[in-house]
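Participant: Predicted structure and sequence below. I'll ask about it afterward.
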Amino acid sequence: MIDVITIDGPAGSGKSTVSRLLAKRLNYIYLDTGAMYRAVALAAERKDIGIYESNKLKELCRSIDLRYKTDEDPPRLLLDGQDISAAIRTPSMDMLSSSISSVKEVREAMAILQRTISKGARVVAEGRDMGTIVFPEAEHKFFLTASHEVRAERRYRERLQRGESASMFHVSEEMKTRDLQDENRFLSPLKPAKDAVLIDSTLLSPDEIVEKIIRHLKK
């Protein structure tokens, strides 16, 4: 029995949609770890805790009440009982969550929480370091990527669908900055695990990627 399937990749690679579809197809739990970091970033902003206040961030992570409401698709994320699913999907949270996730104390606390949630369950874990750091022993690991232009276009359309005003140029530039932060941070940089299956999603639909992953699982 496969317990954990990891899917990592940069923003706009399609990993969230693919992970959610795959989890539904296999009847697994979908673990959106990126949303967890965004929740910490939102909580820190609300409590006026800066990214250099590591001790305060550590205490915040210990006390934070994060829960997934899985009876909806996509699942809703609750922070202290409040639905923050929309609040964490803003451009400012994109950048702040990337900065927050570079803090050692935050990554350690979140990794522990992610492993605790996954213990004894069958999970599709989506993020940026699932296959390298959080679940290095996972038997099945995947890393999604796509051209920068396609990833930026996807993120731009997501923002328009949420009713946000957005410019393609600014979305593209924000994504370049986010990529640099994620790929070059000292702790858990964004990179594929050595034993991960690489999938270029540039020309593939989410359903095609899911089928590709399932074929690998059957092997």
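Facilitator: All right, it came through fine. Since the structure is predicted, the reported quantities are computational estimates derived from the model, not experimental observations.
Participant: which strands and helices sit next to the helix ranked longest in the chain?
Facilitator: Assignment by DSSP state H gives helix 168-184 as the longest helix of the chain. In terms of contacts (3 or more CB pairs under 8 Å, 6 or more residues apart in numbering; DSSP states H and E), helix 168-184 is packed against helix 91-100, helix 148-161. C-beta here means a position set from N, CA and C on the backbone, and glycine is covered the same way.
Participant: can you put those in TSV and add mean neighbour count?
Facilitator: Formatted as TSV, the helices and strands packed on helix 168-184 follow (neighbours: other CB atoms under 10 Å):
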stretch	mean neighbour count
helix 91-100	19
helix 148-161	17
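Participant: any idea which of those helices scores lowest on pLDDT?
Facilitator: With a mean of 88, helix 91-100 has the lowest mean pLDDT of the helices and strands packed on helix 168-184.
Participant: Other residues contacting that helix?
Facilitator: Outside of helix 91-100, the residues within contact range by CB atoms under 8 Å, 6 or more residues apart in numbering are 11, 34, 37-38, 40-42, 44-45, 51, 57, 87-88, 106, 159, 164, 174, 177-178, 181-182.
Participant: Cross those residues against helices and list the overlap.
Facilitator: Filtering the contacts of helix 91-100 for helices - DSSP H - leaves 34, 37-38, 40-42, 44-45, 57, 106, 159, 174, 177-178, 181-182.
Participant: Closest one of those residues to His140?
Facilitator: Gly34 (19.5 Å; CB to CB).
Participant: count of residues packed around the closest residue to Gly14 other than its chain neighbours?
Facilitator: Of all residues not flanking Gly14 in the chain, Ser201 sits nearest, at 4.5 Å (CB to CB, 6 or more residues apart in numbering). By the measure other CB atoms under 10 Å, the count of residues near Ser201 is 24.
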